[in-house]
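Undergrad: Any chance you can model this:
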Amino acid sequence: MTQAQLTRRDDLRNIAIIAHVDHGKTTLVDALLHQSGIFRANEHVAERIMDSMDLERERGITIMAKNTSIHYGNAKINIVDTPGHADFGGEVERTLAMVDGVMLLVDASEGPLPQTRFVLKKALEAKLTPIVCINKIDRPDARIAVVLDEIYDLFIDLDASEDQLDFPVVYTNARAGTATLDLKQPGENLKPMFELIVNTLPGPSYDPAMPTQFQANNLDYNDYVGRLAVGRVKNGTLAPGQYLLCRVGGKQEVVKITQVYGWQGLKRVEVPSVQAGDIAAIAGIEDIGIGDTITDREKPQALPPLRIDEPTIAMLFCANNSPWSGREGEHVTSRKLRERLFFEARRNVSLRVEETAQPDAFQVTGRGEFALAIVIETMRREGYEMMVSKPTVITREINGAINEPMELLVIDIPEDFIGVVSQLLAMRKGKMTKMIHAGTSRVRLEFAVPSRGLIGFRSRFLTDTRGTGIMNALFNGWEPWHGLIQSRTNAAMVADREGSAPPYAIYHLQERGVMFIAPGTKVYEGMVVGEYSRENDLNVNVCKEKKLTNMRASGKDENIIISPHREMGLEAALEWISDDELVEVTPQSIRLRKKILKQADRPRRRHEEED
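TA: Numbering: from 1, shown residues only. All right, here's what the predicted structure looks like:
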């Protein structure tokens, strides 16, 4: 098909906003929505409107790609807010298939960081038209000219075409809702940005001679109409009542469209039809999956499937078999766990779920441990109980040699910690590839590290840099196996009986290591209650109480002072556990435990495995 056969729509723009975590994407979308006039004057609107999931609001990051639409003049602008974290790359790749242009948002002080690189690379490969927005220009440490040079370097590094290199630049303060094309002229509102989007970005193109084509890029659910497929109408029109052909899992079946929805601001509204180029949600197809095409029955033409990067991290999800299974959760059976995991795999294309030899265990693979932790956190909030194993990397054989995934790790630290961090990464087979002095007391280091070297690295890094370090990692291809990497050096303190942990027992155990539980916590045999200061596991009686006698001695009673325990959240627990341990996750608790709970079985079982 030649370019001459394509027709462009002038009344529509589809744009994705891409940026690194915390550079202000969602805040900018908030400001665009407010200034487009979609809210009533007296309407209460929350901050970061697009981050609608509880987890997104708590963590201050975007996890799921979401879209909205606003009107400016005669043009309708569909805006998609994308995740900035590389672990949610599947969301990004689907999103970019729906748009014609991207706005690259960069912090005026931090400059382009690894996730900026990750998403921009995908956008440039998809031949999308870029606009560059330098945000937070009001920061006292803003270095706008230097950051702009870094952006040009990044574009050149990513093999941008000449047209893509000729990008327009807009300077914004998203929190204040102002934009300007010239730094000498302070901005008053976001009008320059609206005009730049309408005048610079192309409208969607389509072929009038082609039959209807629609590809599902996202899935949603509505209590009244069932499953919704969200995507872009490539060619033709979609209307309720149409009978079309849907390719579902390699099979073709005739389906009826029952409802068609568009967007008006943040609200999904029913529409009589949608034209080529528009983003829409359709109902009526219960079995549709991401990447499936809906097309004409007479002249079916399927669109190419979405290409998603391979996952690199694997974990085992098992039904909870601890002594307290079923006390805190609503869904505890392996059947419920299986249904929920396979549902998640259909909705999240970067996730893979496979059965294992054990009927109650499933292998789940994803982009990174953070992405898998979000899946676990979402499920526990829905009432699921489960056990999860230590994250492991997926290897592949290339030219007869075992290869493992590599990460590009970018670290921003004060100069004083260069030696500490370099030593920490050298133990994990990391090699420094670049060092940049920004002219301040901080320095930016780049390392090539095996993915498995970063499992459990974040907590050690933050401890050793006293909370001042910033780290970002990005998948960076495959390399031959780098050899053994030393894992956790300290062993575990394991409860040897069921009961409640009194202050007396914890006081006497805290000198042997770091406790993970507070006084009064209920424990069971095989539960990990702390980190032992030596290399072999220690079974302890954490339920020991002080015996009351009728003998009294002056000055013999100890003044019990208990050190604060280390609170183990989900991500910290996943980083800490070893191969013979699991994390028990319930809606109310996160517990660490041994795979083999009974103390008498553990040494014998481990000995058998070695044999």
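
Undergrad: What are the boundaries of the strands in the stretch 101-250 of the chain?
TA: For the stretch 101-250 of the chain, the strands defined by DSSP state E, counting those that start in this stretch cover 101-107, 129-135, 169-173, 178-180, 205-206, 213-222, 226-235, 243-248.

Undergrad: strands paired with the shortest one, and their directions?
TA: The sheet places strand 205-206 alongside strand 7-8 (antiparallel), with pairing taken from DSSP bridges.

Undergrad: tell me the average confidence for the partner strand?
TA: For strand 7-8, mean pLDDT rounds to 79.

Undergrad: before we move on, the earlier item: right, so the strands of the stretch 101-250 of the chain: which one is the most enclosed?
TA: Of all those, strand 101-107 has the most neighbours on average by mean count of other C-beta atoms under 10 Å, namely a mean of 25. Using the backbone N, CA and C atoms, a C-beta is placed for each residue, glycine as well.

Undergrad: still on that earlier bit, could you dump the strands of the stretch 101-250 of the chain into a markdown table and include distance to T586 and mean pLDDT?
TA: Putting the strands of the stretch 101-250 of the chain into a markdown table (distance: least, C-beta to C-beta, whole Å; pLDDT from 0 to 100) gives the following:
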| stretch | distance to T586 | mean pLDDT |
| --- | --- | --- |
| strand 101-107 | 38 | 86 |
| strand 129-135 | 40 | 88 |
| strand 169-173 | 44 | 87 |
| strand 178-180 | 47 | 85 |
| strand 205-206 | 50 | 82 |
| strand 213-222 | 25 | 76 |
| strand 226-235 | 29 | 81 |
| strand 243-248 | 35 | 72 |
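
Undergrad: Tell me which of those strands lies nearest to I485.
TA: I485 lies closest to strand 101-107 among the strands of the stretch 101-250 of the chain, at 32.8 Å (C-beta to C-beta).

Undergrad: Does that closest one pack against any helices or strands, and if so which?
TA: The contact analysis (3 or more C-beta pairs under 8 Å, 6 or more residues apart in numbering; DSSP states H and E) places strand 101-107 against strand 12-19, helix 114-125, strand 129-135, helix 144-157, helix 191-200.

Undergrad: Among the strands of the stretch 101-250 of the chain, which comes closest to T521?
TA: Nearest to T521 among the strands of the stretch 101-250 of the chain is strand 213-222 (37.8 Å), distances taken as C-beta to C-beta.

Undergrad: partner strands of the closest one, parallel or antiparallel?
TA: strand 226-235 (antiparallel), strand 293-295 (antiparallel).

Undergrad: Quick check: I418 is in a helix.
TA: Yes: the assignment for I418 (DSSP: H, G, I helix; E, B strand; the rest coil) places it in a helix.

Undergrad: picking that back up, any chance of the strands of the stretch 101-250 of the chain in TSV, plus distance to K121?
TA: Converted to TSV, these look like this (distance: least, C-beta to C-beta, whole Å):
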stretch	distance to K121
strand 101-107	11
strand 129-135	12
strand 169-173	20
strand 178-180	26
strand 205-206	23
strand 213-222	19
strand 226-235	21
strand 243-248	29
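
Undergrad: before we move on, back to that, please render the strands paired with strand 213-222 as a markdown table that adds distance to L303 to the earlier fields.
TA: Shown next, in a markdown table, are the strands paired with strand 213-222 (distance: least, C-beta to C-beta, whole Å):
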| stretch | distance to L303 |
| --- | --- |
| strand 226-235 | 6 |
| strand 293-295 | 5 |
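
Undergrad: what about those strands, which gets the closest to A281?
TA: Within the strands paired with strand 213-222, the stretch nearest A281 is strand 226-235; the backing value is 4.6 Å (C-beta to C-beta).

Undergrad: tell me the angle the closest one makes with strand 12-19.
TA: If you take axes from the mean of the first three to the mean of the last three C-alpha atoms, to 10 degrees, strand 226-235 sits at 110 degrees to strand 12-19.

Undergrad: now could you export just the CA positions of strand 226-235 as PDB?
TA: What follows is strand 226-235, C-alpha atoms only, in PDB (Å, rounded to 0.1, in the frame of the first residue of the first chain):
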ATOM      1  CA  GLY A 226     -19.200  -7.800  30.500                       C
ATOM      2  CA  ARG A 227     -15.700  -7.700  28.900                       C
ATOM      3  CA  LEU A 228     -14.700  -4.600  27.000                       C
ATOM      4  CA  ALA A 229     -11.900  -4.600  24.400                       C
ATOM      5  CA  VAL A 230     -10.100  -1.200  24.100                       C
ATOM      6  CA  GLY A 231      -8.100  -0.400  21.000                       C
ATOM      7  CA  ARG A 232      -7.900   1.700  17.900                       C
ATOM      8  CA  VAL A 233     -10.100   1.400  14.800                       C
ATOM      9  CA  LYS A 234      -7.400   1.000  12.000                       C
ATOM     10  CA  ASN A 235      -9.800   1.100   9.100                       C
END
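
Undergrad: hmm, who's touching that strand?
TA: For strand 226-235, the external contacting residues (C-beta atoms under 8 Å, 6 or more residues apart in numbering) are 14, 67, 97-98, 204, 206-207, 210-222, 261, 274-286, 288, 292, 294, 303.

Undergrad: Weed out the non-buried ones from these.
TA: 14, 67, 97-98, 204, 206, 210-219, 261, 274-285, 288, 292, 294, 303 (16 or more other C-beta atoms under 10 Å).

Undergrad: where does R117 land on pLDDT?
TA: Looking at R117, its pLDDT stands at 72.

Undergrad: Now for it: which residues touch it?
TA: So R117 contacts L154, L158, L474 (C-beta under 8 Å, 6+ apart).

Undergrad: Let's see that with 7 Å instead.
TA: Residues counted as contacts of R117 (C-beta atoms under 7 Å, 6 or more residues apart in numbering) are L154, L474.

Undergrad: Save the helices and strands packed on strand 101-107 as JSON lines, and put in distance to G231 too.
TA: Below are the helices and strands packed on strand 101-107 laid out as JSON lines (distance: least, C-beta to C-beta, whole Å):
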{"stretch": "strand 12-19", "distance to G231": "12"}
{"stretch": "helix 114-125", "distance to G231": "17"}
{"stretch": "strand 129-135", "distance to G231": "20"}
{"stretch": "helix 144-157", "distance to G231": "29"}
{"stretch": "helix 191-200", "distance to G231": "22"}
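
Undergrad: most tightly surrounded among those?
TA: Of the helices and strands packed on strand 101-107, strand 12-19 is the most buried (mean count of other C-beta under 10 Å), at a mean of 25.

Undergrad: CA atoms only: put that strand into CSV for me.
TA: Output in CSV follows, covering the C-alpha atoms of strand 12-19 (Å, rounded to 0.1, in the frame of the first residue of the first chain):
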residue,chain,number,x,y,z
LEU,A,12,-8.3,13.9,15.6
ARG,A,13,-4.9,13.5,17.3
ASN,A,14,-3.8,10.4,19.2
ILE,A,15,-0.8,11.0,21.5
ALA,A,16,1.0,9.0,24.3
ILE,A,17,2.8,10.8,27.1
ILE,A,18,6.0,9.0,27.9
ALA,A,19,8.5,9.7,30.7
